[in-house]
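*Asks:* sequence and predicted structure, then a few things I'm wondering about:
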Amino acid sequence: MSNKPPKLHRRTVSAAALLATSAILISPAPAVAQERAPQEPEITAERIPFSELNIDQSPSENLEAVSLALDNADRSARGVEADELNYAVIDDPTRPGGEIEVVWDDGIIPASVDVAYADFGEDGGQSGIGVLIEEDPEAIAGKTAPSSTDTPIAIPDNMYLDHRFCLDFFYEPAYPADQDAPSTNQEHHLTTCYEKFAESGTNLWGYYRRAIWTNAVGSEVLYRPRLVDFSARTQPWNGTEGSVDRMVDWAPISPESACTPGASVTIGAAGTGLTFPTTDCQDTWIDAIPNQGKLGQIFEGELRRQKTLDYGMLFEADNSSVVPRLSDYAWAEVNHRGPQGTTVEDFTLWTDLGWVPW
């Protein structure tokens, strides 16, 4: 019988559930050999509201997390400067001396960081990090018209850029990091970005999503950290489902059809659409519900370092005057060796307040 701790349910997890330890991190105790009684885990959990944090609204590019956030393709394409970002550093209550760093664009504001850890002793452990965000009421999507110098990653054909956003966060892994690596390589790193487009005078909208996960570099071969699950999903904001009629085109449709590293793919309808880059779709699958405006890309393989997911969709709103709101989600699971050959699991969740599991 395996002594591996139970997995979280990937499809139904929410940021709030990271604190509901009875539902998420400890469920039943891990399965163990019959001659030894299951060990009750020691739980550490905390919700940290961003309203209690000292947020730097014009951070220095000398901060490594800020510098790395500026380097991602979505921000570098449009020449974002450090003083256009927001930065917060949070003490990680589950790891003495550990920190969580969050970098984000204006327009969306983080609501809280949820942190939980279940220590099963000799049976390994589970840790969870969740970042929950909400729209800034002073920067509602559709209100801001971008300047002509703005360069989107997804190139529109007969569409204009309506809104976009990126968020990065970094935190230290449960396994020892390589102290000889740059400090940002000693942390797990999630980047999530989107760009939303519209065709003037019509009900046609476009959406491009990119999510990148990077594992922290481990200090010893012994731990073998590996990304085993990474998913990104998009759907209408909870309570506004009626504003989205249906998807009319999307990509990738399947990994085999349109997902070539370094290449681009175009989606469109009647001369209107988007062209955007694609990456390696190996070990991924597509979850699409066209008549509900839902699209996701899921990696279920094994990688030691980094994975990028990117997809785009063209959809019709209910009418030509509505501004649809979409909600995004990203989920990652990193496993590594723990005591006596057990598996220790790091779970990471990023989601909007408007997300409903599916």
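*Replies:* On my side now, so go ahead. Numbers count the residues shown, from 1 in each chain.
*Asks:* from memory Tyr87 sits against Ile100, does it?
*Replies:* No: with contact defined as C-beta atoms under 8 Å, Tyr87 and Ile100 do not form a contacting pair (11.7 Å). Glycine gets a C-beta too; all of them are placed from N, C-alpha and C.
*Asks:* who touches Val217 in this structure?
*Replies:* Applying C-beta atoms under 8 Å, 6 or more residues apart in numbering, we find Val217 in contact with Ala177, Asp178, Ala181, Asn185, Gln186, Arg305.
*Asks:* buried set for the lowest-mean-pLDDT helix or strand in the chain?
*Replies:* When the helices and strands of the chain are scored by mean pLDDT, DSSP states H and E, strand 125-135 comes last with a mean of 75. Across strand 125-135, burial judged by 16 or more other C-beta atoms under 10 Å covers Gly125, Gln126, Ser127, Gly128, Ile129, Gly130, Val131, Leu132, Ile133, Glu135.
*Asks:* for stretch 294-312, same thing?
*Replies:* Buried residues in stretch 294-312, counted by 16+ other C-beta under 10 Å: 294-299, 303, 307-312.
*Asks:* same list, these, but as a markdown table with pLDDT, distance to Pro93 and secondary structure please.
*Replies:* Shown next, in a markdown table, are the buried residues of stretch 294-312 (pLDDT from 0 to 100; distance: C-beta to C-beta, whole Å; DSSP: H, G, I helix; E, B strand; the rest coil):
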| residue | pLDDT | distance to Pro93 | secondary structure |
| --- | --- | --- | --- |
| Lys294 | 96 | 34 | strand |
| Leu295 | 97 | 35 | strand |
| Gly296 | 95 | 31 | strand |
| Gln297 | 95 | 32 | strand |
| Ile298 | 94 | 30 | strand |
| Phe299 | 94 | 29 | strand |
| Leu303 | 92 | 29 | strand |
| Lys307 | 94 | 28 | strand |
| Thr308 | 94 | 30 | strand |
| Leu309 | 94 | 30 | strand |
| Asp310 | 93 | 33 | strand |
| Tyr311 | 94 | 35 | strand |
| Gly312 | 96 | 38 | strand |
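*Asks:* in those, find the pair that's most separated.
*Replies:* Lys294 and Leu303 (25.5 Å; C-beta to C-beta).
*Asks:* related to what we said a few turns ago, quick one: the contacts of Val217 as JSON lines, columns for distance to Asn54, secondary structure and pLDDT too.
*Replies:* Listed next are the contacts of Val217 as JSON lines, based on distance: C-beta to C-beta, whole Å; DSSP: H, G, I helix; E, B strand; the rest coil; pLDDT from 0 to 100:
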{"residue": "Ala177", "distance to Asn54": "26", "secondary structure": "strand", "pLDDT": "86"}
{"residue": "Asp178", "distance to Asn54": "30", "secondary structure": "coil", "pLDDT": "86"}
{"residue": "Ala181", "distance to Asn54": "28", "secondary structure": "coil", "pLDDT": "81"}
{"residue": "Asn185", "distance to Asn54": "26", "secondary structure": "helix", "pLDDT": "83"}
{"residue": "Gln186", "distance to Asn54": "24", "secondary structure": "helix", "pLDDT": "88"}
{"residue": "Arg305", "distance to Asn54": "32", "secondary structure": "coil", "pLDDT": "90"}
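*Asks:* report the buried members of those.
*Replies:* Among the contacts of Val217, those classed as buried by neighbour count (16+ other C-beta under 10 Å) are Ala177, Asn185, Gln186.
*Asks:* check contacts around the first one.
*Replies:* Remark: with contacts taken as C-beta under 8 Å, 6+ apart, Ala177 is in contact with Asn185, Gln186, Glu187, Ala216, Val217, Gly218, Ser219.
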